[in-house]
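Chemist: Predicted model, plus sequence, below.
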Amino acid sequence: MMATQPTEIPAKKSDVPEGVWVSCDKCGEMLFNKQFEEEYLRVCPKCNHHHRTDARMRIKQLCDEGAFEEFLSDLVSTDPLEFKDRIPYKDRLREMEEKTGETEAIVVGKAYIKGRGVILGVMNPSFIMASMGAVVGEKVTAAIERALEENLPLVMVTASGGARMQEGMISLVQMAKTSAALAKLDDSGGLYIVVLTDPTTAGVAASFAMLGDVIISEPKAMVGFAGPRVIANTIKAELPEGFQTAEFLLEKGFIDRIVQRKDLRSEVARIIDYCGK
């Protein structure tokens, strides 16, 4: 008798549409995407990993419903150096705009957080890693000036890879520009609250991100200037483990508090009330 060949059972096609489930970047837990974004605010309920969040979602999480009025949305970057690397800068900007629906790496506007009026700026890590060029510097400065004019607290949510190399020195001078504007706000007695998120580094960390009257951070956020290997090679010393985490900076007094994402709205409102603004 001849042996029969085993019948091949066709693979069953999944009826689950793409994007319904998402895997945690940290622990691999499978999460229902809608619940992950709307209920958990993009924080893994198993390991508490705070996933990166774009500017619009962050605004929705922080602000009262329908209470955000954007300004300077028409500002767009130019290509002053006619910079070309793997992709010409103009093409990169166009690609980012199509991908994110944003024209730049920060969104600024007037908002209300639990009924408290604020000027709010939120950086978008999805747009060239929220790097700071001339437009980002101008928007941050305009937000500072608006807070000064309207006597409102300024809240900045940072997430950046630093200065934008495609704009060279133009990007670097934004550090001085934003810091000078903040000095005027400070002289006037204005309140400036910074919310550090992962990652906040380089030129942004070395300027407006670390100049807040109150600096809070999400858990485990990477905050620093240069990369660990660059620092180690420069100072020729062994660095403590986790020295660029929010927890380490809190221990050393560089930031004031670490706050879970679900508590950020209440914490910002509480700080505003405490400071009498």
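Modeler: Ah, there it is. Residues are numbered from 1 along each chain as shown.

Chemist: Tell me which stretches of the stretch 51-200 of the chain form helices.
Modeler: Taking DSSP state H, counting those that start in this stretch to define them, one finds helices in the stretch 51-200 of the chain at 55-62, 89-100, 134-150, 168-187.

Chemist: Would you mind giving those helices as TSV with mean pLDDT added?
Modeler: Converted to TSV, these look like this (pLDDT from 0 to 100):
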stretch	mean pLDDT
helix 55-62	96
helix 89-100	94
helix 134-150	97
helix 168-187	96
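
Chemist: out of those, deepest packed?
Modeler: Burial of those is given as mean neighbour count (mean count of other CB atoms under 10 Å); helix 134-150 ranks first at a mean of 21. In short, each C-beta sits where N, CA and C put it, glycine included.

Chemist: got the contact list for the closest residue to Lys110 other than its chain neighbours?
Modeler: With sequence-adjacent residues excluded and distances taken as CB to CB, 6 or more residues apart in numbering, Lys110 is closest to Glu69, at 4.8 Å. By CB atoms under 8 Å, 6 or more residues apart in numbering, the contact set of Glu69 is Gly109, Lys110, Ala111.

Chemist: Going through these, which ones are buried?
Modeler: Neighbour counting by 16 or more other CB atoms under 10 Å classes Gly109, Lys110, Ala111 among the contacts of Glu69 as buried.

Chemist: Let's see which of those residues end up in strands.
Modeler: Using DSSP state E, the members of those that fall in strands are Gly109, Lys110, Ala111.

Chemist: coming back round to it: what separation do you get for the residue nearest to Lys110 and Gly117?
Modeler: Between Glu69 and Gly117 the computed distance is 11 Å (CB to CB, to the nearest Å).

Chemist: low-scoring pLDDT stretches of the chain, where are they?
Modeler: Applying pLDDT under 70 to the chain flags residues 1-18, 277.
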